[in-house]
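Undergrad: The following comprises the amino acid sequence and a computationally predicted model.
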Amino acid sequence: KQMAFNMSSTSPHPPTLSTSRTRYIHTELGIRERLLVGVLTSRATLNTLAVAVNRTVAHHFHRTFFFTGLRSPKLPHGMAVVAHGDDRPVWLMYETVRHLHQHFGSDYDWFYLSQDDTYTQAERLGELVGHLSAGQDLYMGRAEEFIGGEERARYCHGGYGYLLSRSLLSRLQPHLDTCRNDILSVRPDEWLGRCIIDYLGLSCVEMHQEMQYRYFELGKNADPEREDSAEFKNAFTVHPVSEPALMYRLHKRFSQIELDRTYLQIEQLQIQINNLSDLTPEGKAGATWPIGINPPFRPRTRFEVINWDYFTEEHIYSCADGSPKCELRGADRADVGAVLEAAVERLNERYQPLLRFRKRRLLNGYRRFDPTRGMEYTLDLALEAFTQKGHSQVIAKRVGLLRPLSSIEIIPMPYVTEATRVQVILPITAREQEFVGNFLDMYVMNALDTHDNALLTFLFIYDPFDAQRVSQADVFAGVKSMIGEVEKRYADVKIPWISVKTEVPSQVKLMDIISKKHPVDTLFFLASVWTEVNADFLNRCRMNAISNWQVFFPIHFQEYSPAIVYRDQPPSAAASSFAAEALRDGHFDRHVFDEACFYNADYMAARAKMAADILDNDELLEGLDVYEVFVRYSGLHVFRAVEPALVQKYVRRACNPRFSEDIYHRCVLSNLEGLASRSHLAMALFEQEQANST
């Protein structure tokens, strides 16, 4: 029985009136972003100077658009380019201002326009608009005299960038067409300034609310490394920038200036904190090292103690796979190398010129991650110390270092909704069908009775022997009968099934069949027969699986064997206690990857990349599961997290030796670790020994 379906359940309840709400809360509350940046470029410089602007400063702003008259044949990757279709400078300015008001006029407080030969110091510009009142009409930049110089009014020079407030842009919009027809000018910045002056009566200003717009004119053949004037160091913008290499050199120079200022501010703050610590009840002892960083976490119980990991220059003695010792590789090796280098460098900074140190070797290394402050290190170093007279001696010294947590960054995520339909896929084999009854009961109670937007499809996996006898004795006849009963109870519900014949039910093989029978925008929840579907998890499935961005592999909670955990209780008491304390007497099974939430389009894309590697090699297909397909071939975020809403009763899984060694090994580990906790097993062994001794 195979069906194509697209059904929506109808609710027996009468419709209720709903209020139309905005998509985002900041829209409803009228909260706007602070600054939008527009860069005027051209077809000739889009792939050179505009790319340099994008790489140096664009990522510091909320949104940056590049406006050009005509598109280049090949657009730069990762840049928001708007082409107006005409390369005339004044027309480009007119269309740009009109575009900003039409599409973003109600979303931003400030609009900054510059040319692609302008270097902008993004942090300083952000600080400037952060101190300005957004409710006033403001036209701010480098004030220039009009050609002729007879008027007092000034326009803002486009080479140094300028700010337009939202209110000014809103008032200017009705006059743009008139300005385009009546004002003749060769320079686009002068045309805009004339339009603002004639119709709004505002002139360009360099100072407003005691905030000054600072700029610097770069001389011909100037070297940014040698520019040391206060005017240069304090500038918001630099112009003209003749080539991309000069843009990068300016960015490097200003980044170093900002870094030096930041270190100086940190040093001054540390001095102030140290001086103020005398006034605290703890005195100087209350100022923890490093000054200004959160103090170390203090555990309240022994269960909250953060363990230290021991390491040497070659090995670490705390491994992800549980091994007692493993080789330092990749990021861990680079981390240890960087910490050792930093330790010797700081020692030399402190003791030179009296002493100079050179590392001989690391004697002992310890590290731990404190979530309140960062990664802490304690190093025992064998150092060779040199005096000013050239004498040397090998000494041992212990140092402590901290790699603090930097500023927390909120990563923007695509918009998702809890209204998405979830397509539940349940593959079952003949030996698993005894558990289908409980799965269907939970699905009916938590999805059908609640009218959750979810559909269910069964995937019956026949081995070759059962497939030959299906016309005489169908091994899944009982399950199909249960499905028929559910469809009778719910007239608008259809539960389709798909039959597959295979000796090795590889996840990838099964998903290949399922994927072809559903639209590309389908959200799949790949379940196991022991899964208990509920509304909480279905909503998290919808929120955590994001098309073309992220897939979700939940770690379910597996209950321990009641025969071991509740061996000394009567069955009724054990059952009630087992139900009430489900999340206490069990564990999150990190070895099982059966459940997954992902979009069909993402699976198809990953599978297409995978095709070149396997070339329909069945052995390789049997050695992979869906999780490995996404990790190796998708390039998406693979979100693996514990899921307390997915609780499974204890079951001993049948591990198929035909699968890859890794999948088979994970199955065996799941069975072993899922039997009971160490304390329960120890108690069972103790009682058995007691019984044997008597």
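TA: Thanks, I have it.

Undergrad: So A605: helix, strand or coil?
TA: helix (DSSP: H, G, I helix; E, B strand; the rest coil).

Undergrad: mind listing what it touches?
TA: If you count contacts by C-beta atoms under 8 Å, 6 or more residues apart in numbering, A605 has them with S634. Any C-beta I mention is one placed from the backbone N, CA and C, and that applies to glycine too.

Undergrad: Kindly report the same for I306.
TA: 297, 299, 368-370.

Undergrad: could you redo the last one with a cut-off of 6 Å?
TA: For I306, the contacting residues are R368, by C-beta atoms under 6 Å, 6 or more residues apart in numbering.

Undergrad: The closest residue to Y351 other than its chain neighbours is in what secondary structure piece?
TA: Distances taken as C-beta to C-beta, 6 or more residues apart in numbering place F357 nearest to Y351, at 7.1 Å, with adjacent residues excluded. Following DSSP states H and E, one finds F357 within strand 355-370.

Undergrad: Tell me the pLDDT of the residue nearest to Y351.
TA: F357 is assigned a pLDDT of 93 by the prediction.

Undergrad: what's the following helix or strand after the helix or strand of the chain with the lowest mean pLDDT?
TA: One helix or strand of the chain scores below all others by mean pLDDT, DSSP states H and E: helix 571-580, with a mean of 43. Next along the chain after helix 571-580, taking DSSP H and E as the criterion, comes strand 586-588.

Undergrad: Identify each buried residue in that next one, please.
TA: Within strand 586-588, the residues scored as buried using 16 or more other C-beta atoms under 10 Å are 586, 588.

Undergrad: so what does it touch, helix or strand wise?
TA: Contacts defined by 3 or more C-beta pairs under 6 Å, 6 or more residues apart in numbering; DSSP states H and E place strand 586-588 against strand 550-559.

Undergrad: what distance separates the strand it packs on from the centre of its chain?
TA: On the basis of C-alpha atoms, centre = their mean, to the nearest Å, strand 550-559 sits 18 Å off its chain's mean C-alpha point.

Undergrad: Kindly report the same for stretch 490-503.
TA: Distance, centroid of stretch 490-503 to centroid of chain: 37 Å (C-alpha atoms, centre = their mean).

Undergrad: Surely A676 is in a strand?
TA: No. Counting by three-state DSSP, A676 is not part of a strand but coil.

Undergrad: could you say which helix or strand contains E258?
TA: If you go by DSSP H and E, E258 is part of helix 244-276.

Undergrad: buried residues in that helix?
TA: For helix 244-276, by 16+ other C-beta under 10 Å, it's 244, 246-251, 253-254, 257.

Undergrad: average pLDDT for that helix?
TA: Helix 244-276 comes out at a mean pLDDT of 92.

Undergrad: One more: stretch 129-136?
TA: Per-residue scores along stretch 129-136 average to 86.

Undergrad: returning to that earlier point: what is the helix holding E258 packed up against?
TA: helix 49-56.

Undergrad: if we take the buried residues of helix 244-276, which one ends up nearest to G135?
TA: F254 (30.9 Å; C-beta to C-beta).

Undergrad: so who does that closest one touch?
TA: F254 sits in contact with Q121, where contact means C-beta under 6 Å, 6+ apart.

Undergrad: Quick check: closest non-adjacent residue to N453.
TA: Here the residue nearest N453, using C-beta to C-beta, 6+ apart, is R421, at 4.7 Å.

Undergrad: before we move on, back to that, next, the buried residues of the strand holding F357.
TA: 356-357, 359, 362, 365, 367-368, 370.

Undergrad: closest to C204 among the residues you listed?
TA: Distances from C204 to these, taken by C-beta to C-beta, are shortest for D370, at 51.5 Å.

Undergrad: And the closest one, how close does it get to H175?
TA: Using C-beta to C-beta, to the nearest Å, D370 is found at 59 Å from H175.

Undergrad: From the opening residue of stretch 567-586 to its closing one, how far?
TA: 15 Å (C-alpha to C-alpha, to the nearest Å).

Undergrad: Which secondary structure state does E503 sit in?
TA: coil.

Undergrad: and if you look at D536?
TA: helix.

Undergrad: isn't it right up against A645?
TA: Yes. Counting by C-beta atoms under 6 Å, D536 touches A645, with 4.2 Å between them.

Undergrad: Who has more neighbours out of those two?
TA: A645 (17 against 12; other C-beta atoms under 10 Å).

Undergrad: Relative to K252, how far out is that one?
TA: Taking C-beta to C-beta, one finds A645 at 50 Å from K252.

Undergrad: Please give me every residue in contact with Y633.
TA: 606, 609-610.

Undergrad: Now do it, the pLDDT please.
TA: 89.

Undergrad: E628: neighbouring residues, count only.
TA: If you count neighbours by other C-beta under 10 Å, E628 ends up with 18.

Undergrad: what's the spacing between it and F465?
TA: In terms of C-beta to C-beta, E628 sits 30 Å off from F465.

Undergrad: mind checking the end-to-end distance for stretch 195-208?
TA: End to end - C-alpha to C-alpha - stretch 195-208 spans 21 Å.

Undergrad: who's in contact with whichever strand or helix holds H103?
TA: Taking DSSP H and E as the criterion, H103 maps to helix 89-104. Under the criterion C-beta under 6 Å, 6+ apart, residues 36, 38, 67, 69, 84, 111, 169, 173, 176, 180, 188, 191-192 lie in contact with helix 89-104.

Undergrad: So which of those residues is the closest to N446?
TA: Nearest to N446 among the contacts of helix 89-104, with distances taken as C-beta to C-beta, is L36, at 45.3 Å.

Undergrad: Might you report the residue contacts of the closest one?
TA: 63, 104, 108, 111 are the contacts of L36 under C-beta under 6 Å, 6+ apart.

Undergrad: let's see it at 7 Å
TA: L36 is in contact with 62-63, 104, 108, 111, counting by C-beta atoms under 7 Å, 6 or more residues apart in numbering.

Undergrad: List the beta-bridge partners for it.
TA: R63, F111 (DSSP bridges).

Undergrad: and if you look at the one 4 residues further on?
TA: With DSSP bridges applied, L40 shows beta-bridge pairing to F67, Q115.

Undergrad: on that earlier part again, is there a quick ChimeraX command that grabs whichever of the contacts of L36 are buried?
TA: Burial among the contacts of L36 is assessed by 16+ other C-beta under 10 Å; the matching ChimeraX selection reads:
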select :104,108,111
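
Undergrad: what's the closest of the contacts of L36 to L340?
TA: Nearest member of the contacts of L36 to L340, counting by C-beta to C-beta, is H62, at 39.5 Å.

Undergrad: Quick check, that closest one in contact with A80.
TA: No. If you go by C-beta atoms under 7 Å, H62 and A80 don't touch, sitting 11.8 Å apart.

Undergrad: Could you verify my assumption that I291 touches Q270?
TA: Yes. When contacts are counted by C-beta under 7 Å, I291 is listed as touching Q270 (4.3 Å).

Undergrad: Flag the shaky bits of the stretch 351-500 of the chain, pLDDT-wise.
TA: Counting by pLDDT under 70, the stretch 351-500 of the chain shows no low-confidence range.

Undergrad: What segments of it are strands?
TA: For the stretch 351-500 of the chain, the strands defined by DSSP state E, counting those that start in this stretch cover 355-370, 374-387, 392-404, 422-429, 454-462, 497-501.
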